[in-house]
Each structure stands twice: as C-alpha cells, then as structure tokens.
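Chemist: Got a sequence here, can you model it:
(2 chains)
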Amino acid sequence: MDVLVWLIPVSLFLGGLGLAAFFWALRTKQFDDPEGDARRILRDDYDDKPKE
Amino acid sequence: MASDATAPMVAACPGCVAAPAAVPVDDLLPADGTVTLSLPRIHCAACISGVERVLEADPVVTSARVNLTQKRVQVATDGAADTEALIRRLAGAGFEAHELDSAVLVSGASDPVGRDLLMRLAVAGFAMMNIMLLSVAVWSGAEDATRDLFHWISAAIALPTIAFSAQPFFRSAWSSLRLGRLNMDVPISLAILLAPALSLYETMQSGPHAYFDAAVSLTFFLLGGRYLDHRTRAAARSAAEELAALEVPRATKIVGGVETVVPVETLAKGDLVLLRPGARCPVDGVVASGASELDRSFLTGEALPLAVAAGQDISAGDINLTGPLTVEVSAAGANTTLRRMADLVAVAERARGRYTSLADRAAQAYAPGVHLLALFAFLGWLWVSDGDVRLALNIAVAVLIITCPCALGLAVPAVMTAATGRLFRRGFLVKDGTALERLALVDTVVFDKTGTLTRGVPEFGDLSAHDAETLSVAAGLSAISSHPAARTLSATLVDRGVAPAPLEGAREVPGYGVEAYWSGMVVRLGRAGWAGCEDATDTVGGAATWLSLGGRVVAFPFADALRDGAAESVAALTALRIDVRLLSGDRPAPVADVAGRLGIGAWEAGLLPQEKADRIAALRASGHAVAMVGDGLNDTVALASADVSLSPASALDAARVASDIIILGNDLGALGDVVRTARAARSRIRENFALATAYNVVAVPVALLGFATPLAAAIAMSTSSVTVSLNALRLR
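Modeler: So this is what the prediction gives:
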C-alpha cells in the first residue's frame, strides 16, 4: 500500500490542475458567449489570431 | 383652419421627416466610447463575422465584438461615432439593429454573482469527487491506519471547501436567524457545519464513521440548485433589461432653430422639443406649432387617433402619427404623467400583499421539524445509552444529514428552470420567480383591449360595396398618406388588385388627411370634417376614413384588428374553466365589438386607470385569483394590483415593469399553454416535495435507530436529488 503515498498526491494535483484551468477560463470571461465561441471556431476568419 | 394647419410645409414629404439627416450625437455617447446594439436576428457564424466586418469597415470604429448568446454587439469607437449611422450601415448589409441604452444595461455582459456561484460550485464538485474516491475505499473495508489516513485527507479537502463553498448558505441562514425566522438554509447550514465538526472529532478518535463526503456533496447539490435558480432569474432580468434599454430616452431639442439631440433628463420647463411622426412623446407639454393626430391608446385605451393643433396639451407616452409637432415642455422627467403613475403603482403593489412561495411554506413546516427530530434523537440515545454523548451526537448528526433538505433545495429551482425555459422558447419571458406558482391558481383573466387583444392597427371591413372608380381613387390617395389607417387601406386595396388612379398635386395635410386633383376635381381622403361630411357619428363605432369625390362623400369604416391568436387564447382559457373579462378605457361601441368577436361575455368600457384596479380588487375580495393582461399606462395600476400580470413586449415600459410575465411575440395564442405549464409546474413542485418526504419517511427511522452509515447517507442523498431533477425535466 506504499504506492498510496504517491498516488493520492498525484491524483489531487491532477484534479487541482483541472480546477485551476476552470478558474482561468472563468476569469478570462470564456463563459460569456458560449454560443458565439462555438460558432466562431468554424470560420476561418480567426485562424491567424483569435478575435480580441 | 386647414390653411394654417398647412403652414409648416416641412410635412410635404413625411418620409424626409421620419428619416432625417444625421444629427450630431457625440455628446450623448458614454465616456469610454462604446455603443451596444441589439441584433435580434443574428443566428450563425456568418452573421458574426458579417456584422463585425461591416462595423469595422467604418473608420470611427476601433473594434466590434458580437455576443451571439445575448444577440448583441459591443462597438468601441474613437468617440465620434454616430449610432444612427452604424445602424443604417448594418441595415444596408441586411442586419436589423437597435440601439440599447447602456445606462439601463447595468448587469452587462458578465454576471459577477453567477460567476461567483459557479466558482463555488466548481470547488465543491472537485472536492466531492476526490472525497468520494477516498470514501469508496473506506466503505469497501479499509481499516486502521489506512482508514484514518483517508479520513484525515478527506478532512484536509473538506474543511477549506466548506469554508469557501458553503458561504452563501451561511450568509442566508444568518440573515434569517437575525430576523428571528427560520428558512431552509438554517437546517442546511447546521448540517453542513455539524457534520464535519463531528467527523473531525471522530477522526481524531480513530472512529469508523466520518461524514465529510456527505457534507461536501450536500454543498455541491444545493449549490447546483442555487445556481440554476440564479441563472433562470438572470436570464429573465437581462431580457427584461434589454426591452427597457431599447427605448433610449432622447429628445430633439430646438434651440434658436437648430435641432440637437439631447437626453430627456436634461430637458427643462419651457424648452421646445421636435416630435417627428411615429415618435413617442417624451415629455408633458403644449403643442407650440404644427398639426397632427395623436395615438393616445397607451394612456386612455382609446383606439381612435385624436387631432391636435397648436395650443393643445400633449402628454408623455402619446404617439405622434402624421405631421411633425413642436412641443413646449411643461413637465419632463419625474414630473410627467407617466412617472406620476408610478406612485399609484407602488400603492397598488403594497395592496397586492406578499405571496408566500411553496418553497417558503415547505421550509416553515420543515425546518423546525428537522431540528426537533435531531434533538429528540440526541436526548433519546443519551437516555438509552446511559450518557454516551459521543454515540448520541453521532446519531443526531446522522439524522440531520439524512433529513437535510437536499432534494427540497433542488425541488423548486429544477422545476422553475424547466418551466421558464419551455415558456421562453414559446415566447414568454417569466420575470418573477413565483409568477408561475401564482398563475397556476388563477381562475379569472382580465384583458385590456387596445394594444393587448387588438394590435392597435385598423382593419377595413367589406369594401365590395364601393364601385371600381371610388376604390381606385382611394387607393391612389391612401398610397400618399403616412397615417396608419391610410396605409392599411392602401395595403388592403393593393391586395385586392385595385390599380391606383393617376393623381396630380397630391399633398398631405397633417391632422386632416390627403388631397389631390383627379380628372380636374379635388379629391380628399381623411377625417370626416376634412372630407366634407358634417355628421360622422352614425358609422360603426364612429371609426372611418372618409373620401370626398366630386360632391360625393364615401365612408370606409374600420375596426381594430385583433391580435393574432387572441381568439384562440380566449377559447383556450375558457376551456381551462377560467373566467375571461374585458376592461377597457375605450368607448363602449368598439369594446362591445371586440368582446362580441372574441366571445367575451363580461366587459366594461370607459374605465379610468383607478377604476380598472378597483374592479380587480373587487374580484380578488370576492375570492377570485385574478391575472391581468394589459399594455398601457392606464393598465399599470391594474397590473400591479392583480395576483399575477402579463404584458406584451410592445407595452409601455411602466407596464412591463409592473408585470410578471412578458409576451415577447406578437401572438397571444399560447396563453392557454402558459396557464397549463404553470399548473403543471405547480404540481411538479408538489410531487417533488412528496418525493423528498417519501425518502425521509424511509430514511429517518433508519437514522433514528442508529443504523445510518455515511454510505447510506450518500446513497439516499444522491438518489433523492436525481429523482427530483428527473421529475422536473418531465416539464420540458
């Protein structure tokens, strides 16, 4: 069971990484226009750089 | 009379007046130079890049960003942008756009409260998943040091999570306790606080049971319900805000013959304001010059236009129909008739009394019961076990967790989200959280006539009695006029294939009608007096357009066109055994006509705003639950005093504010469906309460007898929450 010493911190770290990614998405206002963002990706207008 | 009415010859071409050259509006732009436009028809990726490209082609626009979810575009400009020009530019590219008043759009694009809740929900979800994984190991038989280690790790995750995520419950519970009341958040907070505290103590003592998973998943599920509830409200609020923001409060002020567009708040008594045809008057005042006709239906409910000339009073909310008017302001802003009505509304709203929602009623019965039960379990086990405080406390906490109103917290928001979502797709915006519960109880629906059951647009009756020559001249004359009645007549005649007669020297005389030469004769179309008829009262309801043609005077009687679906909705409501009534401020003849066409037996005409409210108060006093559907200023007091109120999106701002549900489309037909959905929502909520209670009836004895384990609590909590949510989804 010694493997738990590694597995538990690793799984917590990975979960925390996901949580941090979600926070980042929330703070950079990526949930303000979910419908528009889903469709923008289909256009090649923004291929070079994303719309500000 | 006719000659001095023609004096301001600007009206020779009403089209020019209606679409004037660009006026400078730079002083009106917000300081940061951003303009928000509403784009009601955009729907795809091509629309997004189309709108952005069209706007960014304008040199003054620095950037434009479309939000498809809200169907808006934020335009950043270098300060010199003319909103009208941007809208025309978009219209030229085929995109319908309307300006939004950024002062009204307070909540803006991002919603801080919703984001805060979502963040807490995410933290609780993350913690719940991790603790559940650790708990599965404990449930499947981890022992001794492993179990203690897992409990300690769970505690390390759970305690900070609860301190952060459960704050909304603690705050709400504390504010309710301070007022000496119990709400649903009091037992929730108690369970969320006591469970980890006891579990921490148990972990220190190497005890077998810890409820960290239960406390965190409770927080997660309840936050989920809270978030759903918030999102429903935020969506309704932002849609209602958008309707209000569409009416930008601006007026065209005339200073020394120069027209400038200014915000309405800056107008003062004595200022001169230009009122173009089709515009709604922003102030109370006196007509200084010009002649026109006014649509006063928002104030009086009267469908017939009223002729005005210099010297006559005009009030805020009147719509100018034919000619431009110069109005001298006698009251602006807070002193207008429109705003004074708000005081009456406030009085009526106090009289409405507070409705206790089903959730509050459940909480009032539930919260004390839960606390008493847990206390009873604690004292009972203390006595049975001869003073074993640890055992008694363990069982009391198990009872608190098992009975914690997790499903109850989801029961109402899940149903409301499903029901309001369904209604929104059908074109109904539910503004108030308890509106559907109140609507479900309604047994009487009171309608306003003008603008609600009717569209406020005339509809011409049988035209086949007239000869071809008359119709042809009427078609020619009506095509020139900008008056709503004439436009409808023109469209009706074109539909019938009538070719307009060739006319010469046509001109429109605002407030009177149109005049032209036909085969050397003067022909006129318009008001009875203008066309040469002295006694005009003998037609149907007195509403007609008159044509004078070589000594003959012909009447084209018209009636109010019914709103689409008005007849269906009255029939549907009657089928639901709801009593339908009609209260109008208009004259008896047209009201009787509309009531007859729709099959409404109970109607009253010529009512003042306060009388409408009194009729509703009388109905409520006799034990009826009344819904009011209205759109005008004369309806606002009645809307506020009814049990639940609805208004069309075309209604005056004051009426929309006073009402609980807004009908977004032009069609009234689905009104019966709204009542059916409301009744279904109410019964789903009651079913959900029954389901949650049923779980408790099974689980509470188990907990009381001391057989409850953290595993049992987790299973009971998640199955009841899922059952309740699934039951709510049946409404979609």
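
Chemist: Show me the shaky parts of the chain.
Modeler: No chain in the question, so chain A it is. Filtered on pLDDT under 70, chain A yields the residue ranges A:1, A:50-52.

Chemist: my question was about chain B
Modeler: Scanning chain B for pLDDT under 70 picks out the ranges B:1-32, B:79-81, B:102-110, B:247-248, B:301, B:303, B:333-354, B:405, B:533-543.

Chemist: Just list the residues touching the residue in it positioned nearest to chain A, thanks.
Modeler: At 3.3 Å from chain A, B:Leu68 is the closest residue in chain B, using C-beta to the nearest C-beta. C-beta here means a position set from N, CA and C on the backbone, and glycine is covered the same way. By C-beta atoms under 8 Å, 6 or more residues apart in numbering or on different chains, the contact list for B:Leu68 reads A:Asp33, A:Glu35, A:Gly36, A:Arg39, B:Ile42, B:His43, B:Cys47, B:Ile48.

Chemist: Sitting in helices, which of those residues do you find?
Modeler: When DSSP state H defines the helices, the subset of the contacts of B:Leu68 inside them is A:Glu35, A:Gly36, A:Arg39, B:Cys47, B:Ile48.

Chemist: Enumerate the residues of chain A near chain B.
Modeler: Contact residues (C-beta under 8 Å from any C-beta of the partner chain) of chain A with chain B: A:1, A:4, A:8, A:11-12, A:15-16, A:18-19, A:22-23, A:26, A:29, A:31-36, A:39-40, A:42-43, A:45, A:51-52.

Chemist: I'd like to know which of those residues are buried.
Modeler: By neighbour count, with 16 or more other C-beta atoms under 10 Å in any protein chain shown, the residues of chain A next to chain B hold A:8, A:12, A:15, A:19, A:22, A:26, A:31-33, A:36, A:39-40, A:51 as buried.

Chemist: name the helices or strands packed onto the helix ranked longest in chain A?
Modeler: Using DSSP H, we find that the single longest helix of chain A is helix A:4-27. For helix A:4-27, the packing partners by 3 or more C-beta pairs under 8 Å, 6 or more residues apart in numbering or on different chains; DSSP states H and E come out as helix B:112-139, helix B:144-165.

Chemist: what about 7 Å?
Modeler: Helix A:4-27 is packed against helix B:112-139, with contacts defined by 3 or more C-beta pairs under 7 Å, 6 or more residues apart in numbering or on different chains; DSSP states H and E.

Chemist: For the helix it packs on, buried residues please.
Modeler: Buried residues in helix B:112-139, counted by 16+ other C-beta under 10 Å: B:114, B:117-135, B:138.

Chemist: Then stretch B:506-517?
Modeler: Quick answer for stretch B:506-517 (16+ other C-beta under 10 Å): B:Ala506, B:Glu508, B:Val509, B:Pro510, B:Gly511, B:Tyr512, B:Gly513, B:Val514, B:Glu515, B:Ala516.

Chemist: gap between B:Gly606 and B:Leu562?
Modeler: For B:Gly606, the distance to B:Leu562 (C-beta to C-beta, to the nearest Å) stands at 21 Å.

Chemist: what about the helices in the stretch 401-550 of chain B?
Modeler: When assigned using DSSP state H, counting those that start in this stretch, the helices of the stretch 401-550 of chain B occupy the ranges B:406-425, B:435-440, B:468-478, B:484-495, B:528-531.

Chemist: Of these, give the one that comes closest to B:Ala699.
Modeler: Closest approach to B:Ala699 among the helices of the stretch 401-550 of chain B (C-beta to C-beta): helix B:406-425, 11.1 Å.

Chemist: So is the closest one next to chain A?
Modeler: No - residues of helix B:406-425 are not located near chain A by C-beta under 7 Å from any C-beta of the partner chain, the shortest gap being 14.7 Å.

Chemist: What lies in contact with that helix?
Modeler: Helix B:406-425 is contacted by residues B:184, B:218, B:221-222, B:225, B:228-229, B:232, B:236, B:358-359, B:362, B:366, B:430, B:433, B:436, B:674, B:677, B:681, B:684-685, B:688-689, B:691-692, B:695, B:717, B:720-721, B:724-725, B:728-729, B:731-732 when judged by C-beta atoms under 7 Å, 6 or more residues apart in numbering or on different chains.

Chemist: Do I have it right that B:Leu274 meets B:Glu259?
Modeler: Yes - in this structure B:Leu274 lies within contact range of B:Glu259 using C-beta atoms under 7 Å: 6.1 Å.

Chemist: Alpha carbons only: can I get stretch A:4-16 in CSV?
Modeler: The C-alpha coordinates for stretch A:4-16 follow below in CSV (Å, rounded to 0.1, in the frame of the first residue of the first chain):
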residue,chain,number,x,y,z
LEU,A,4,-0.7,5.4,-1.9
VAL,A,5,1.9,7.9,-0.7
TRP,A,6,2.4,8.8,-4.4
LEU,A,7,-1.0,8.1,-5.9
ILE,A,8,-3.0,10.3,-3.6
PRO,A,9,-0.9,13.5,-4.0
VAL,A,10,-0.7,12.8,-7.8
SER,A,11,-4.4,12.5,-8.2
LEU,A,12,-5.1,15.5,-6.1
PHE,A,13,-2.6,17.5,-8.1
LEU,A,14,-4.2,16.5,-11.4
GLY,A,15,-7.6,17.3,-10.1
GLY,A,16,-6.3,20.7,-8.8
